[in-house]
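A.B. asks: Sequence first, predicted coordinates after that:
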Amino acid sequence: MIQIKDLHKSYKMGKNSLHVLKGINFNVEEGELVAIMGSSGSGKSTLLNILGMLDSSDSGAYILDNVPIKDLNETKAARYRNKFLGFVFQSFNLINYKSAAENVALPLYYQKVPRKERQEKALKYLEQVGLKEWAGHLPSELSGGQKQRVAIARALAAEPKVLLADEPTGALDSKTSYEVMDLIQKINDAGNTILIVTHEPDIADMCKRIVHLKDGVIIEDKKIEQVRAEQYV
Amino acid sequence: MFDRDIWQEIYHSIRNNKLRTFLTGFSVGWGIFILVLLLASVKGMQNGFTLQFNDDATNSIFVRTGTTSLAYGGFEAGRRIQLTNDDIEYIKRSFPNDIEYISPRVYRNTSARYKSETGSYTVQAVYPDHQAIEKTIVNKGRFINTNDLINASKVAVIGRKVEEDLFKNEDAIGKFVEFNGLPFRVIGTFTDDGDDNAERNIYAPTSTYQRMYGQTDHINQIALTYNPNYDLTEALAFSERLENVFKRRFKVAPQDQAGIRIFNYAEVFEDISNFTGGLDIAVIIVGLLILLSGIVGIGNIMVFIIKERTKEIGVRKALGAEPWSIIKLVLFESVFITALSGFIGLGIATGLLAAIGPSIKTAAFANPSVSMSMVVTATVILVVAGVLAGLIPAMKASRVKPIVALSDK
């Protein structure tokens, strides 16, 4: 699903150049649940941004679902993001004046799906995350865990090839974190490819594979026995 | 393009920033309000001028003569030019399509007497056409007619002031009044909107006066109105033709302004419309500058809104919003606020003018109003203004980097 070869990225900070990614190589197969771990400054967020086409690499190849991702202009990047990727953020990033259902329907709006169909799909995905009866509520009326579940429903609504989650449990207490991880595991069980950036070992243990980044290189890449989140819920 | 979602976005944005939206909208509405009122005021001045000159028919021309100031055509300077009845016929023959009404004027000072009351007045001996040229309003009896002219009848139409002075409380119609000792029958009285002095005039048939004073066909002045369908250019062209023809007829040098003078009201109107035209331009510039401050205000607010919504725009981009859809969002909002507040200003201004405009009627200012074309122009200006106000903020918004917007720091 994802092939990355010799990815480099550096940021210019005045006269100095900060080399953040120093040759990343890794592949992700369809249906994988990968945790990308590392301390802050290890380059894990930069890697996720490049994977999410929010940022571009300096050199190296990135192939997503057999499509080489390069030379993107803004419009093209927007289309690819919309078609291939679903995002889940640490701070949820729901639009605060839109109801849960409207938030979920937003990527569909950018796919130019007709209004009625959008609403139906939004309800379907809200049901999948167990929030159908909250469809009409504004984000401010939801708890943190509920907000993240709406965000996951929104990421799923576009039916992306890959789900990218940046610290999805970073703003949640441990009980709620496990609920969200339980949901992510179930979505993965259904065959979706998911990448999670996290620095919490217990969250990483709930994935099927852990990629460890340090100072811009992968120092460890191992398949693990998945810990099911269900038992903690 | 105009789908429901866009409107929903605009609605949310406005609802979340009611006061701010109101304040900026107000500046644009105020700009348009002032622009419309200023333009209407210029129109009011124009109307006022027209009203001032409306006393005489606005399409009137007067031909006057004097003594030549230049030697020309074998004649020395200082020759007196005398108009006669023939000149009237000559004009009628030469310009059949240009002339509406024509009448000579023969002036005589007269001392008038009725019973024991006396007074001194000017008698103008004229043709029946003169009523239309001077817009004389006959309020009792009738004006001079063709029969009076043919018979050289000793009849007179007297002004309201003359009647008041001489006849006191009596009705003058049918009574005989003496002009320089000769009895004239009063056949009508008239009023004049212009001024009281005009009501001290007396009209009599030209033929009567020409016969009474030496059997001449001399006249002092020719008054005429030209084809009312003529516009300013045609009117000026006609009076120029008339002047050329008369100067040739009397062998007066073309540049001699003393021998023959053609006075055309159109010239006055040309001056006035030049003046008000200039005023119009000045007013439009001032109005647009006021509007500009409103536009800058809206642009400013849009920049703020975008700064506030940077994160939201980042989220939208991450979800697949193309730059154009972000630009569209900002532009529509800007155009919507500008147009809506502009229309409110426009509506209040035109409503105000419609309500109080017609009741304003002073010497130099009457019925200020706006034309449809002005309203349409204002609308176009508003939409363009909205686009301009939103353009820079929209470009800024479309350049928001989702990665920067989404960072939680």
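C.D. replies: Yep, it's here.

A.B. asks: Now do the contacts for B:Ile284.
C.D. replies: Counting by C-beta atoms under 8 Å, 6 or more residues apart in numbering or on different chains, B:Ile284 makes contact with B:35, B:39. Placement of C-beta: from N, CA and C, glycine included.

A.B. asks: does it belong to a helix or a strand, and which?
C.D. replies: In the assignment (DSSP states H and E), B:Ile284 maps to helix B:265-308.

A.B. asks: tell me the mean pLDDT over that helix?
C.D. replies: For helix B:265-308, the mean pLDDT works out to 79.

A.B. asks: roughly how far is that helix from the heart of the chain?
C.D. replies: 21 Å (C-alpha atoms, centre = their mean, to the nearest Å).

A.B. asks: after it, next one along is what?
C.D. replies: That would be, after helix B:265-308 and using DSSP H and E, helix B:310-318.

A.B. asks: going on from that following helix, what's the next piece of helix or strand?
C.D. replies: Where DSSP H and E defines the elements, the next helix or strand beyond helix B:310-318 is helix B:323-356.

A.B. asks: so how many other residues sit close to the residue in chain B that chain A sits nearest to?
C.D. replies: Taking C-beta to the nearest C-beta, chain A has its nearest neighbour within chain B at B:Gly320, 2.4 Å off. B:Gly320 has 25 neighbours, counted by other C-beta atoms under 10 Å in any protein chain shown.

A.B. asks: again, but for B:Phe190
C.D. replies: 24.

A.B. asks: How about B:Asn59?
C.D. replies: By the criterion of other C-beta under 10 Å, B:Asn59 has 21 neighbours.

A.B. asks: Could you count how many residues lie near A:His212?
C.D. replies: 17.

A.B. asks: list the contacts for it?
C.D. replies: Counting by C-beta under 8 Å, 6+ apart, A:His212 has contacts A:37-38, A:218-221.

A.B. asks: Beta-bridge partners for the closest residue to B:Gly141 other than its chain neighbours, please?
C.D. replies: Leaving aside its chain neighbours, B:Gly141 sits nearest to B:Gly188 (3.2 Å; criterion: C-beta to C-beta, 6 or more residues apart in numbering or on different chains). B:Gly188 forms beta bridges with B:Gly141, B:Val157, as assigned by DSSP bridges.

A.B. asks: contacting residues around B:Gly188?
C.D. replies: Residues in contact with B:Gly188, defined by C-beta under 8 Å, 6+ apart, are B:138, B:140-143, B:157-158, B:173.

A.B. asks: if we can go back for a sec, now the angle between helix B:310-318 and the helix holding B:Ile284, please.
C.D. replies: 80 degrees (axes from the mean of the first three to the mean of the last three C-alpha atoms, to 10 degrees).

A.B. asks: Just the closest residue of chain A to chain B, please.
C.D. replies: Closest point on chain A to chain B, by C-beta to the nearest C-beta, is A:Asn82, at 2.4 Å.

A.B. asks: isn't B:Ile81 right next to B:Asp256, touching?
C.D. replies: No. B:Ile81 is not in contact with B:Asp256 according to C-beta atoms under 8 Å; the separation is 9.7 Å.

A.B. asks: Now do the shared contacts for the two.
C.D. replies: B:Thr68.

A.B. asks: What about B:Ala77, how many residues nearby?
C.D. replies: Neighbours of B:Ala77 using other C-beta under 10 Å come to 14.

A.B. asks: in what helix or strand does it lie?
C.D. replies: Per DSSP H and E: nothing holds B:Ala77, as it lies in no helix or strand.

A.B. asks: what sits against it?
C.D. replies: B:68-71.

A.B. asks: Quick check: what element follows the one helix or strand A:Lys121 maps to along the chain?
C.D. replies: Taking DSSP H and E as the criterion, A:Lys121 maps to helix A:115-128. Downstream of helix A:115-128, the next assigned helix or strand under DSSP H and E is helix A:144-157.

A.B. asks: which residue packs closest to A:Gly145, ignoring adjacent ones?
C.D. replies: A:Thr176 (3.8 Å).

A.B. asks: where does the one you found land in three-state SS?
C.D. replies: Following DSSP: H, G, I helix; E, B strand; the rest coil, A:Thr176 is assigned to helix.

A.B. asks: Hmm, A:Gln146 and it touching each other?
C.D. replies: No. With contacts counted by C-beta under 8 Å, A:Thr176 stays clear of A:Gln146, the gap being 9.0 Å.

A.B. asks: before we move on, the earlier item: which residues does the residue of chain B closest to chain A contact?
C.D. replies: A:78-79, A:81-83, A:107, A:110-111, A:158.

A.B. asks: who wins for neighbours among the residues you listed?
C.D. replies: Going by other C-beta under 10 Å, A:Pro107 tops those with 30 neighbours.

A.B. asks: what about that one, which helix or strand?
C.D. replies: Counting by DSSP H and E, A:Pro107 is part of helix A:100-110.

A.B. asks: low-scoring pLDDT stretches of chain A, where are they?
C.D. replies: Along chain A, no part satisfies pLDDT under 70.
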